[in-house]
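In: Structure for the following, please:
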Amino acid sequence: MKKLLFLGLLLELAACSRSSSHEKLLKSLQTVQSWTATAQMVGETWQQGAVPDAYAEQTLKKSQEEIARETKDLTEPSAQKTQQIQETIQKLIAAVKHRQKGTIAAPLQQLSTQHQQLNTLLKAQEKQP
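Out: The predicted structure is shown next:
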């Protein structure tokens, strides 16, 4: 009887731990999703000349930093996806830094695709118990 009670407690603890880590993963992915959208919007408005260079560069760097901070403990495939997003944001930062509006279109398109993929990943994670 004691063994069954102990086993039941272990299973319950494992379920709570799994639930807690799943909730943490969801929160991290939602945060990454938000910062990715921020980077995309800033890149687009900078391309249109609607925001100053310094603001765009600062906001893109902040987006990249927050994504890195939020995802330092993620595992595959989430970690790989967020690493790709950070690399794309780095391309946006370089375009802004060198004031090359003509070179920002490709990374913006790439970031849009990555944002959609992140949305798909997030929806799949939300469906898991």
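In: Can you give me the neighbour number for residue 48?
Out: 9 (other Cβ atoms under 10 Å). From N, CA and C alone the C-beta is placed, and that goes for glycine too.
In: And the pLDDT at it?
Out: You'll see residue 48 listed with a pLDDT of 95.
In: Over to residue 33?
Out: Residue 33 is given a pLDDT of 94.
In: Excluding chain neighbours, give the residue nearest to it in space.
Out: residue 118 (5.4 Å; Cβ to Cβ, 6 or more residues apart in numbering).
In: measure the one you found to residue 58 for me?
Out: From residue 118 over to residue 58 the distance is 23 Å, taken as Cβ to Cβ, to the nearest Å.
In: So between these two, which is more surrounded?
Out: residue 118 (21 against 14).
In: Measure how buried residue 111 is and give me the count.
Out: Residue 111: 23 neighbours (other Cβ under 10 Å).
In: check contacts around it.
Out: By Cβ atoms under 8 Å, 6 or more residues apart in numbering, residue 111 lies in contact with 36, 39, 40, 43, 85, 88, 89, 92.
In: which residues in this protein form helices?
Out: 2-47, 53-71, 78-97, 105-127 (DSSP state H).
In: What helices and strands are in contact with the third one?
Out: Yep, that's helix 78-97 we're talking about. Contacts defined by 3 or more Cβ pairs under 8 Å, 6 or more residues apart in numbering; DSSP states H and E place helix 78-97 against helix 2-47, helix 53-71, helix 105-127.
In: Please look at residue 90 and residue 63 and confirm they touch.
Out: No. Look at residue 90 against residue 63 with Cβ atoms under 8 Å: they stay out of range, at 10.6 Å.
In: what about those two, which has more around it?
Out: Set residue 90 next to residue 63 and count neighbours by other Cβ under 10 Å: residue 63 wins out with 26 against 14.
In: Can you tell me the number of residues neighbouring the closest residue to the more buried one other than its chain neighbours?
Out: Once flanking residues are discounted, residue 63 sits nearest to residue 39: 4.1 Å by Cβ to Cβ, 6+ apart. Burial of residue 39 is recorded as 29 neighbouring residues (other Cβ under 10 Å).
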